[in-house]
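> Any chance you can model this:
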Amino acid sequence: MSDEIRRLLAIMATLRDPERGCEWDCAQTFETIVPHTIEEAYEVADAVARDDMDDIRDELGDLLFQVVFQARIAEEAGLFDFASVARSIADKLEARHPHIFGDELPGDAPREERWEALKAEARARKGAQSALDGVAMALPALMRADKLQKRAARTGFDWPDVEGPAAKLAEEMDELSRAPAEERLEEAGDLLFAAVNVVRAYGIAPEDALRAANAKFERRFRAMEALAEGAFVGLSLDDQEALWQRVKAGERL
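Okay, here's the model as predicted:
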């Protein structure tokens, strides 16, 4: 173990020390830390998207601290420690790459198929009863929908082409438009789930697609505000739409 990792673990132990540690750190549990862990993972993704190497380094450090924090809580409860966390992922990586760390030949199957087959075997050893077992409940809903659909597709439960999910999306739009108020939440969910299926049929990651759409909308909206020179809120919808079209046209030049 490197000196830097030992130092980090020692700092974590001090922060959690009941007598001289930090009151906030001492009060945390597995459950209370999870939102921070998720937030830090997204901040890593944001730094990567901005191609900011300093921020990537810093955000990865923040994410590593979350792992150290959870491991420290577990160690205090006599469950496991940071070393066992590292050992667990090392064992998993070796087991899932037998053609690299073992004697098995790569075979003809694509890498992703081999990877998924090995993960399925691991889930089965843990007693999985369904192809959907192991899709984390805490994932963002869009990402979880994508993963659920991919798992189902591996069993053969999938549309053969894009026409099927596209027709389903149109059907769900119609059902939402006709749904009574008490059923709109469910129908809206069905619509979004169907949209994920359409995007997936084109071979596009829905999370990536929506992130790109968010970035485009934000860029264009800020450009409209700039064109309005502080008067955007008071404009009519027609005038705002005209600015939107100006911004779009400017991007095509």
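> Residue 152 is in contact with residue 135, correct?
No: the criterion here is Cβ atoms under 8 Å, and residue 135 misses it with residue 152 at 10.2 Å. All C-beta spots, glycine's among them, are computed from the backbone N, C-alpha and C.
> By mean pLDDT, point me to the weakest helix or strand of this structure.
One helix or strand of the chain scores below all others by mean pLDDT, DSSP states H and E: helix 111-125, with a mean of 69.
> ok, how many other residues are close to residue 251?
Neighbour count of residue 251, defined by other Cβ atoms under 10 Å: 11.
> and it, which of the three is it?
Here residue 251 is helix, with the state taken from DSSP: H, G, I helix; E, B strand; the rest coil.
> ok, now residue 156?
When classified by three-state DSSP, residue 156 comes out as coil.
> mind checking how far it is from residue 203?
With the distance defined as Cβ to Cβ, to the nearest Å, residue 156 ends up 18 Å from residue 203.
> what mean pLDDT would you report for whichever strand or helix holds residue 56?
Under the criterion DSSP states H and E, the helix or strand holding residue 56 is helix 53-76. For helix 53-76, the mean pLDDT works out to 97.
> What lies in contact with that helix?
Residues outside helix 53-76 that contact it (Cβ atoms under 8 Å, 6 or more residues apart in numbering) are 8-9, 12-13, 16, 25, 28-30, 33, 36-37, 40-41, 43-44, 46-48, 80-82, 85.
> For ChimeraX, write the select line for the buried members of these.
Of those, the buried ones go into a single ChimeraX selection, burial set by 16 or more other Cβ atoms under 10 Å:
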select :8,9,12,16,25,28,37,40,43,44,47,82,85
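> Return the subset of the contacts of helix 53-76 lying in helices.
8-9, 12-13, 25, 30, 33, 36-37, 40-41, 43-44, 46-48, 82, 85 (DSSP state H).
> where does residue 139 land in three-state SS?
Residue 139 ends up coil, using three-state DSSP.
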